[in-house]
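Visitor: how would this look folded up:
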Amino acid sequence: MDKIKETVMDWRLHLTVLAITILAELIGIVQIPIGIGSILLLPLLYAFVFGLLINPHVFKLAKGWIREREVQTASPLIVIAIMPFIAKFGTIIGPSINEIIDAGPALIMQELGNLGTIVIAFPVAVLVFRMGRESIGACFSVAREPNIAIIAEKYGLKSQEGTGVMGVYVVGTLFGTFTFAILASILATTGAFSIEALAMACGIGSGSMMAACSGALANAVPEMEEQILALAGASNVLTYATGLYLGIFVALPLTEKLYALLGRKADDTPMTGESK
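Guide: Take a look at the predicted model:
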């Protein structure tokens, strides 16, 4: 009870959040043409950057205003802050259930896209950066909360695999939202992919990343906003529901087998400048 009271009464944190929100909204949406499309800079991105600038773990000068107490208080509030947005998705999914059903197998099969981290990132981590078993935790998934739970249960978070998954989780938390919003706005304006496919791709099991991605898409194609939010929300729910089992029974075993194969190759390959 004292902890809750302390969080509610933390005026310094609430004032900072309010100031960041007002400033970000005043800047508004900025569109930057880049030839193949355009980048939409949303208030959410500005808020992210401002929050990063006052993070004492990133910039030591910020400790004059945001102390360790505020950092510890803010961390669990992220989940609470995203709840209204998730609730909004729930109210949109219902009326749009026909469009979701029409998506059919595509909505379910898009979950296989999460295996892309193994196909693309894992060989680079092992063969190029010479990572050890940290690469298993880092690359078997997008390293969101359910994936951390899998690694914690099987290896423990103090293991090499635990170090890998937590490293990607922290980096994803810091830069994932920004990256998703930028990619979504660029791809939405190129016409290379259907908006429905991009909307489904937003749901990777992260509330903040989904919010940034679907928000960018909705701003790029405002006439499809409800359909975008419905597909993104449904995709995110499915990712939470099926992603855990995909990680346990497919992604993690596959990554282990690939590590047994590529890990030996990395050990046998001399580093640049070494004699053969």
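Visitor: Please count neighbours and contacts with C-alpha atoms only from this point.
Guide: Fine.
Visitor: Tell me which residues are up against stretch 171-185.
Guide: For stretch 171-185, contacts defined as Cα atoms under 8 Å, 6 or more residues apart in numbering pick out 38-41, 45, 48, 52, 143, 198, 202, 208-209, 212-217, 220.
Visitor: What segments of the stretch 1-150 of the chain are strands?
Guide: 30-33, 38-41 (DSSP state E, counting those that start in this stretch).
Visitor: By mean pLDDT, show me the worst of those.
Guide: Here the strands of the stretch 1-150 of the chain differ in mean pLDDT, and the lowest is strand 38-41 at a mean of 64.
Visitor: which outside residues touch stretch 114-132?
Guide: By Cα under 8 Å, 6+ apart, stretch 114-132 touches 135-136, 139-142, 160, 204, 251, 255, 259, 262-263, 265-266.
Visitor: give me that answer again for 10 Å
Guide: 133-143, 160-161, 164, 201, 204-205, 239, 243, 246-247, 250-252, 254-255, 258-259, 262-267, 269, 271 (Cα atoms under 10 Å, 6 or more residues apart in numbering).
Visitor: May I see the ChimeraX selection of the buried members of the residues you listed?
Guide: Under the burial definition 16 or more other Cα atoms under 10 Å, those of these that qualify are selected in ChimeraX by:
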select :133,134,135,136,137,138,139,140,141,142,143,160,161,164,201,204,205,239,243,246,247,251,252,254,255,258,259,262,263,266
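Visitor: So, low pLDDT: which residues of the stretch 101-250 of the chain?
Guide: The stretch 101-250 of the chain contains residues with pLDDT under 70 at 102-104, 107-108, 173-174, 241.
Visitor: Spell out the residue ranges of the helices in it.
Guide: Listed in chain order, the helices of the stretch 101-250 of the chain (DSSP state H, counting those that start in this stretch) span 105-109, 116, 122-123, 134-139, 145-154, 160-171, 177-190, 195-201, 207-220, 225-246.
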